[in-house]
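Undergrad: here is a sequence with its predicted model. Questions after.
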Amino acid sequence: MDRSTEADWVSRLADEVVAEADRRAPGKPVVCASGLSPSGPIHLGNLREVMTPHLVADEIRRRGRECEHLISWDDFDRFRKVPAGIDPSWSEHIGKPLTAVPAPPGSSYPNWAEHFKAAMIESLAQLGVTYRGISQTEAYKSGRYRDQVLLAMRERGRIDEILGRFRTKKKPVDAEAGDGDPDGSDDTAGAGAYYPFKPYCTSCGRDTTTITSYDDASTEMTYTCACGHGETVLLSEFTNGKLVWKVDWPMRWAYEGVMFEPSGVDHSSPGSSFEVGGHIVREVFDGVRPIGPMYAFVGITGMAKMSSSAGAVPTPGDALRIMEPAVLRWLYSRRKPNQSFKIAFDQEIYRLYDEWDALAQRVAQGTANGADATAYARAVGTAEVVLPSSPRPVPYRMLASIADITTGDEAQMLRILAGVDSADPIKDLDDVRPRVDCAERWVQAYMPADQHTRVLDEPDAELLSSLDEEQRHLVTLLLERLEDDWSLDGLSTLVYGVPKLHAGLPMDAQPTPELKVMQRSFFVLLYRSLVGRDTGPRLPTLLLAVGPDRVRKLLGS
């Protein structure tokens, strides 16, 4: 994790968007947009496509301005490949719209697209993201874009000329999806002519089709399909198809009046969809390209860059199982869109939560700098809602240690937590929810096997018999004062203070280099006696978890 947020990028972008909206469409609601393809798991990299415009739209609404966030579900895109882990027989559906492909085996959803949309919809609700969802299947099939489709077909020569300006450039690859343009047909002409519309065959349902003729006046279109089917239809009535990607995207900008829509690195390079779309929206659809900052990739600690086409990838739902919604929002709100960052699924999550808690404390004390305080405010709530949070923010690493040591036994967890603050003991696990549940799930799913802590059942007789006089004295001093202050603070003071007492110093003496050496040696002795290893969870937490009677037993008292 790096230092503080350098500046409030959200406010700066909101200023630009509002100014542009006032110039283009004064008095009308501001429109921000995102696009998501439910072709597979919608992962944490895709979430940036949503969170960037969400945060900008939310800032605009906080200012009292009407603003709508659109999420286009690109569920009318073709099914391109069978993901890892899915029955290879699903290859028979390649080329069909995602909404026409059966859901993965065992799913309760009616089709492939709805299956993968559902998890994202649930995560967005937890994150407080408000939006208007648009199914592109429903939009095309209902004829909503009919006029735009007919316009694009009339202007096919102009579109072909625009695309031709970029065909000599190296075609950019969609690095995140690994598959190039969603429909794979933007820059190719069929049978000697270019058509920006791709029909789905009414016989086999696939897009393995080629338009062989089209008449502008009558809208009569003839196509053939690789399956052998061919037919002539009136495009003014035919809705079983869609514009190719590099035409579809700018069409929607103009149709929806989009003022702000970010794009990934793959769509922002020279000759990419965003650049080409800027020409098409202006020259064909009489619109203007939205403000569209490039956003960088999101990674996972200890893992390679995410690719949904390569198999299972961490999703927002996965992250929300191990961290509170506000913390996940914070990761996206504190970074400028062009800054990459990683999300911790390993033990870096301890450090992440330490930073979050330190920030929360600075905000509460009024000592946080302006940008950090603003990023925090954007994380904990929106213009409409305040996100749920844990009433007692016990350190995540402590909760993980407790969940690990107790193997999730709630009665034992509550017993230990009651000693965290003797002045104001925790009396109900709800006081530390949802954080404690997040930590427990992290322990179960992501804690490395060699980091799990198991307290010894019986004293290590060989170890105890090998103790020298100094070690025995240290253990005696610990046991004599063990229950003087059975709390986290009291035990912290004790384990650091015992070596000082052994050296004839008061408990509050400043440690010398020699004392630090003795303290480290003492800690190793306690770990070996209690868990049979040289390291473990923080000793005060471990002592609280083990309990005074069992500590005495394992230390040979």
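TA: In hand now; what should we look at?

Undergrad: residue 92 looks like it's in a helix, true?
TA: Yes: per DSSP: H, G, I helix; E, B strand; the rest coil, residue 92 lies within a helix segment.

Undergrad: for it, give its distance to residue 205.
TA: As judged by CB to CB, to the nearest Å, residue 92 and residue 205 stand 10 Å apart. Yep, even glycine has a C-beta here, placed from its N, CA and C like the rest.

Undergrad: tell me which of the two has more neighbours.
TA: residue 205 (17 against 12; other CB atoms under 10 Å).

Undergrad: residues in contact with the helix or strand residue 491 falls within: which ones?
TA: Using DSSP states H and E, residue 491 sits within helix 488-502. Residues outside helix 488-502 that contact it (CB atoms under 8 Å, 6 or more residues apart in numbering): 419-422, 470, 473-474, 477-478, 481-482, 484-485, 506-509, 511, 515, 518-519, 522-523, 526, 539-541, 543-544.

Undergrad: one more: stretch 124-140?
TA: With CB under 8 Å, 6+ apart, stretch 124-140 has contacts from 34, 50-51, 54, 68-77, 97-99, 113, 121, 144-145, 239, 241-242, 316, 320, 325, 328-329, 381-382, 384-385, 387.

Undergrad: repeat that for stretch 234-244.
TA: Under CB under 8 Å, 6+ apart, the answer for stretch 234-244 is 76, 136, 140-143, 145-146, 148-150, 152-153, 181, 183, 185-186, 196-200, 202, 207, 209, 214, 218-221, 248, 251.

Undergrad: who are the packing partners of the host helix or strand of residue 326?
TA: In this structure, residue 326 sits in helix 325-333 according to DSSP H and E. Judged by 3 or more CB pairs under 8 Å, 6 or more residues apart in numbering; DSSP states H and E, the packing partners of helix 325-333 are helix 44-62, helix 316-322, strand 341-343, helix 348-365, helix 370-380.

Undergrad: from residue 382, how far out is residue 60?
TA: Going from residue 60 to residue 382 by CB to CB gives 12 Å.

Undergrad: more neighbours, these two?
TA: residue 60 (27 against 22).

Undergrad: state the distance from the residue nearest to that one when sequence neighbours are not counted to residue 250.
TA: Leaving aside its chain neighbours, residue 60 sits nearest to residue 67 (4.1 Å; criterion: CB to CB, 6 or more residues apart in numbering). The spacing between residue 67 and residue 250, counted by CB to CB, is 22 Å.

Undergrad: swap in residue 166?
TA: 14 Å.

Undergrad: what about the two, which has more around it?
TA: Between residue 166 and residue 250, residue 250 has the larger neighbour count (other CB under 10 Å), namely 32 against 19.

Undergrad: enumerate every residue touching that one.
TA: 277-278, 280-281, 284-285, 287, 289.

Undergrad: count of neighbours near residue 517?
TA: Count around residue 517 with other CB under 10 Å applied: 12.

Undergrad: give me the phi and psi for it.
TA: Torsion angles at residue 517 (phi, psi; degrees, to the nearest 10) stand at phi -60, psi -40.

Undergrad: show the buried residues in the contacts of helix 488-502.
TA: 419-420, 474, 477-478, 481-482, 511, 515, 518-519, 522-523, 526, 539-541, 543-544 (16 or more other CB atoms under 10 Å).

Undergrad: just the residues you listed: which are in strands?
TA: Per DSSP state E, strands hold no members of the buried ones among the contacts of helix 488-502.

Undergrad: what about the residue nearest to residue 55 when sequence neighbours are not counted, which helix or strand?
TA: Computed as CB to CB, 6+ apart, the closest residue to residue 55 that is not its neighbour in sequence is residue 10, at 4.8 Å. Using DSSP H and E, residue 10 falls within helix 9-24.

Undergrad: just checking, what packs against the helix or strand following that helix?
TA: With elements assigned by DSSP H and E, the helix or strand that comes after helix 9-24 is strand 30-36. Applying 3+ CB pairs under 8 Å, 6+ apart, we find strand 30-36 packed against helix 9-24, helix 44-62, strand 67-73, helix 245-256.

Undergrad: any stretches of the chain with poor pLDDT?
TA: Within the chain, the stretches with pLDDT under 70 are 1-7, 168-192, 266-270, 302-312.

Undergrad: tell me the residue furthest from the middle of it?
TA: Most distant from the centre of the chain: residue 469, at 54.5 Å, with distances by CA atoms, centre = their mean.

Undergrad: distance of it from residue 476?
TA: With the distance defined as CB to CB, residue 469 ends up 10 Å from residue 476.

Undergrad: and for residue 516?
TA: Per CB to CB, residue 516 is found 21 Å from residue 476.

Undergrad: and residue 354, what does it touch?
TA: Residue 354 sits in contact with 395-397, where contact means CB under 8 Å, 6+ apart.

Undergrad: which among those gets closest to residue 18?
TA: residue 396 (37.8 Å; CB to CB).

Undergrad: list the residues that contact the residue nearest to residue 55.
TA: 55-56, 59, 333, 374, 378.

Undergrad: before we move on, the earlier item: hmm, who's touching the helix holding residue 326?
TA: With CB under 8 Å, 6+ apart as the test, helix 325-333 has contacts from 10, 47-48, 51-52, 55, 126-128, 316, 319-320, 341, 343, 352-353, 356, 375-376, 378-381, 387-389.

Undergrad: and stretch 376-393, by the same measure?
TA: Against stretch 376-393 from outside (CB under 8 Å, 6+ apart): 10, 55, 58-59, 61-62, 127-130, 324-327, 329-330, 333-334, 357, 359-360, 363, 368, 426, 430-436.

Undergrad: run the chain-centre distance for it.
TA: Relative to the centre of its chain, stretch 376-393 is centred 17 Å away, using CA atoms, centre = their mean, to the nearest Å.

Undergrad: got the CA positions of stretch 247-255 in CSV?
TA: Extracted in CSV, the C-alpha atoms of stretch 247-255 (Å, rounded to 0.1, in the frame of the first residue of the first chain):
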residue,chain,number,x,y,z
VAL,A,247,-19.9,0.9,-34.3
ASP,A,248,-22.2,-0.3,-31.5
TRP,A,249,-20.3,1.5,-28.7
PRO,A,250,-20.3,5.0,-30.3
MET,A,251,-23.9,4.5,-31.3
ARG,A,252,-24.8,4.0,-27.7
TRP,A,253,-22.8,7.2,-26.7
ALA,A,254,-25.0,9.2,-29.0
TYR,A,255,-28.3,7.4,-28.2
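
Undergrad: between the two ends of stretch 21-31, how far is it?
TA: 8 Å (CA to CA, to the nearest Å).

Undergrad: same deal with stretch 253-262?
TA: First-to-last residue span, stretch 253-262, CA to CA: 12 Å.

Undergrad: how about stretch 404-421?
TA: 20 Å.

Undergrad: residues in contact with it?
TA: 394, 398, 402-403, 425-429, 432, 436, 440, 443-444, 447, 452-453, 455, 486-489, 537, 541-542, 544-547.

Undergrad: quick one, strands of the stretch 101-250 of the chain?
TA: In the stretch 101-250 of the chain, the segments counted as strands under DSSP state E, counting those that start in this stretch are 132-135, 197-199, 209-214, 220-225, 230-234, 241-243.

Undergrad: and among these, the most buried is which?
TA: strand 241-243 (a mean of 26; mean count of other CB atoms under 10 Å).

Undergrad: quick one: strands adjacent to that one?
TA: Taking DSSP bridges as the criterion, strand 241-243 forms sheet pairs with strand 197-199 (antiparallel).
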